[in-house]
Structure formats: structure tokens, C-alpha cells
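> Pasting the sequence and the predicted model now:
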Amino acid sequence: MPKSPLSRFFAEPSASAERGSVTAELALALPSVALVIAVTLGGFSLQVERMKLVDLSASGARALARGEEQAAVEAMLKASRPDALIKIEHEENQVCIAVSFMARIPGLGAELLEVSERQCARKMGL
């Protein structure tokens, strides 16, 4: 069957005509993927910082329960985490320490999240 002169205008698109579409889709998706990765890594880093607070508050609570001076324990906590807010609670037979600080997750802008941990230890001799 002979081809009409207009068939070249209505031909199916070739592979070369679609070549740039993948590049354009990647260029549009790449910032979103980078943001998701940044927020995920920021969340993991906050979890690591929270685990450090667990260790810090537990060490402080055990030290106070052993009978160490409260000022010395507070100085030790402040030396380990200078930006931390420390709250010490003396209960009937245990000592509790709450340590917290404000943190940012990259990619979320200026929003601050409070990371905190509270650990208790039984007073010695009770």
C-alpha cells in the first residue's frame, strides 16, 4: 500500500522523541527524594541523641542514688550536654532525672522538637 504524503506528519512517535521525558521526570523528582532522605537521616540522628540522653539521665540518677552531691551530678550532666534542661526529682525511695533539649530536623525549617528522657534509680540503703 503506498504511503500518502501526510503520513510523515501522523507517524507514531519515535524513541528519540521520548528521550528527554525521563530526564525531565528525574529533574522533578530529585528534590523530593533529597528532602525525604534528609528528613529520614534527621530522624535517625534525633533517635541517636535520645539514646545518649537515656544514658546521661540514667548515669545521673544512679550517681544521686549512691549519695553523690547534687551539684556535682548537675555539673557532670551540663558538661556532657551544655544545652540540656535538667530536672531532678527526689521521691520517697528513688531519684529521677529528666534531661531534655530542643533539636531541629534538617528539611523541616525552623521547627524545633523537644527531645527528652527521664530515668529513675532506687536510693541506696532503702
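All right, it came through fine. Computed from a predicted model, the values in this text were never measured in an experiment. Residues are numbered from 1 along each chain as shown.
> Show me where the protein dips below the pLDDT cut-off.
1-20, 105-111, 125-126 (pLDDT under 70).
> go again using 80 as the cut-off
Along the chain, segments meeting pLDDT under 80 span 1-24, 104-112, 125-126.
> Any idea which residue is closest to the centre of it?
residue 43 (2.4 Å; C-alpha atoms, centre = their mean).
> Which element, helix or strand, includes that one?
helix 19-66 (DSSP states H and E).
> Show me what counts as buried in stretch 75-92.
77, 81, 84, 86, 88 (16 or more other C-beta atoms under 10 Å). C-betas here are computed from N, CA, C, even on glycine.
> which residues sit against that stretch?
Outside stretch 75-92, the residues within contact range by C-beta atoms under 8 Å, 6 or more residues apart in numbering are 52-53, 56, 59-60, 63-64, 70, 73-74, 95-102, 120.
> Now do it: distance from first to last residue.
24 Å (C-alpha to C-alpha, to the nearest Å).
> And what about residue 101, helix, strand or coil?
strand (DSSP: H, G, I helix; E, B strand; the rest coil).
> what's the neighbour count on it?
Residue 101: 18 surrounding residues under other C-beta atoms under 10 Å.
> on that earlier part again, so what does the helix holding residue 43 touch, helix or strand wise?
helix 70-80, strand 85-90, strand 94-104, strand 112-122 (3 or more C-beta pairs under 8 Å, 6 or more residues apart in numbering; DSSP states H and E).
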